[in-house]
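Visitor: Give me a model of this one.
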Amino acid sequence: MRAVVAREAGGPEVLALVELPDPSPGPGEVLVRVAAAGVNFIDTYRRGGVYPMEYPHVVGVEGAGVVEAVGEGVTTFAVGDEVAWHDTHGSYAELVAVPAAQAVRVPAGLDLRTAAALPLQGMTAHYLVASTFEVGYGHDVLLTAGAGGVGLLATQLAVARGARVLTTVSSPEKAALSAQAGAAHTIDYAAMDDITSELPAVVRDLTDGEGVHVAYDGVGRATFDASLASLRRRGTLVLFGGASGQVPPFDPQRLNSGGSLYLTRPTLAHYTATRAELEWRAGEVLGAAAAGDLEVRVGAAYPLAEAAEAHAALEARRTTGKVLLVP
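Guide: Below is the predicted model of the structure:
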């Protein structure tokens, strides 16, 4: 099979398309022919050495495809089933052995490319608005990178729960996409000289001086201080990513002086820790997409050979929606 490996820690240039032996499903695994693999920031963190990894390794954790074989002890899936997953190493490949415990069924009527775009970002959006801070009617929400994959999905989910969503974007084109997803206001931070002071001022103008109930920040270093300063008293900052870099050490007394604020740094694994929770989140997200209630934007689809270009575009924030690799 063909697969994309990171030969060493480094930039997108360390990615290479190679030939590897076809995998076989071990006990408790299903062998899947990959229809599409999701490209995510966690892939770039592992490629670049932010998260410790062995090298070389096949990149990618997310995808969707068709089961070609089942390993010993697997009774929940059969050959021909369409499945998706969000936490299986080696997904940038034509074939991948997926633990059956991590695979979920793709509902009828949902094409596999769309299914591949949803597990990681869709379930992230779901846990953010349904669990980390349970968004409800009347809440004001700030969401960074509103035209990104998580941003577009989380905006739709939050609006469906009755919230008013404010998003940050970096271009008029991204503002239009964010507004289409339901954002009440889009804020172009690229036009700001000092986002740390200017963004909170705009947010407070839009919230009668109060600030937002919750800020979901997946950008990290570049927006963390601005997101924190945009909260109302007893507001919550959910730091769920670091697209611009990791946030440096933080003095907890800032939460006190800011108005008894809350700060959390969640990760999807802790919100899909049981099979029941995984099936609940995946079922709601994939089911909503299959029913037409959740619009999924695939902003770009690259062949495996262009994985480096896909990573470069993602890290430069030139992408919108979801980025896929298609074998």
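Visitor: What helix or strand is residue 248 located in?
Guide: Per DSSP states H and E, residue 248 falls between elements, in no helix or strand.
Visitor: Helices of the stretch 1-150 of the chain, start to end?
Guide: Counting by DSSP state H, counting those that start in this stretch, the stretch 1-150 of the chain has helices at residues 41-48, 112-116, 119-127, 149-160.
Visitor: Using PDB, write down the CA coordinates of the helix or strand of the chain with the lowest mean pLDDT.
Guide: Ranked by mean pLDDT, DSSP states H and E, the helix or strand of the chain with the weakest confidence is helix 41-48, at a mean of 94. Extracted in PDB, the C-alpha atoms of helix 41-48 (Å, rounded to 0.1, in the frame of the first residue of the first chain):
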ATOM      1  CA  PHE A  41      -3.500  20.200  13.500                       C
ATOM      2  CA  ILE A  42      -2.600  17.200  15.800                       C
ATOM      3  CA  ASP A  43      -1.000  15.600  12.700                       C
ATOM      4  CA  THR A  44       1.300  18.700  12.400                       C
ATOM      5  CA  TYR A  45       2.100  18.700  16.100                       C
ATOM      6  CA  ARG A  46       3.200  15.000  15.800                       C
ATOM      7  CA  ARG A  47       5.100  15.600  12.600                       C
ATOM      8  CA  GLY A  48       6.900  18.600  14.000                       C
END
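Visitor: For residue 234, see how far away the most centrally placed residue in the chain is.
Guide: For the chain, residue 121 is the residue whose C-alpha lies nearest the centre (CA atoms, centre = their mean; 3.0 Å). In this view, residue 121 and residue 234 are 29 Å apart by CB to CB, to the nearest Å. (Each C-beta comes from the backbone N, C-alpha and C, glycine too.)
Visitor: Check residue 40 too.
Guide: Counting by CB to CB, the gap from residue 40 to residue 234 is 32 Å.
Visitor: So for those two, which sits in the more crowded spot?
Guide: residue 40 (24 against 11; other CB atoms under 10 Å).
Visitor: Is it correct that that one is in contact with residue 62?
Guide: Yes: the pair residue 40 and residue 62 passes the contact test of CB atoms under 8 Å, sitting 6.2 Å apart.
Visitor: so what sits against both of those two?
Guide: Counting by CB atoms under 8 Å, 6 or more residues apart in numbering, the shared contacts of residue 40 and residue 62 are residue 120.
Visitor: So what does residue 209 have for phi and psi?
Guide: As for residue 209, its main-chain torsions (degrees, to the nearest 10) stand at phi 80, psi 0.
Visitor: What does the pLDDT read for it?
Guide: You'll see residue 209 listed with a pLDDT of 97.
Visitor: now residue 23
Guide: Residue 23 is given a pLDDT of 97.
Visitor: Just give the nearest non-adjacent residue to it, would you?
Guide: residue 97 (4.6 Å; CB to CB, 6 or more residues apart in numbering).
Visitor: Please report the number of neighbouring residues for residue 179.
Guide: Other residues within reach of residue 179, judged by other CB under 10 Å, total 17.
Visitor: residues touching it, list them.
Guide: Neighbours of residue 179 in contact, by CB under 8 Å, 6+ apart: residue 186.
Visitor: name the element it belongs to?
Guide: For residue 179, the element it lies in under DSSP H and E is helix 172-180.
Visitor: Would you tell me what the next helix or strand after that helix is?
Guide: From helix 172-180, the next helix or strand downstream (DSSP H and E) is strand 185-188.
Visitor: Show the average pLDDT along that following strand.
Guide: 97.
Visitor: The strand or helix carrying residue 278 - contacts with which helices or strands?
Guide: Taking DSSP H and E as the criterion, the element that holds residue 278 is helix 275-291. When contacts are defined as 3 or more CB pairs under 8 Å, 6 or more residues apart in numbering; DSSP states H and E, helix 275-291 packs onto strand 104-105, helix 112-116, helix 119-127.
Visitor: helices or strands up against the second one?
Guide: Applying 3+ CB pairs under 8 Å, 6+ apart, one finds that helix 112-116 contacts strand 29-39, strand 62-70, strand 82-85, helix 275-291, strand 298-303, strand 322-326.
Visitor: and the spatially closest residue to residue 222 that is not a sequence neighbour, how many neighbours?
Guide: With sequence-adjacent residues excluded and distances taken as CB to CB, 6+ apart, residue 222 is closest to residue 244, at 3.8 Å. Residue 244 has 18 neighbours, counted by other CB under 10 Å.
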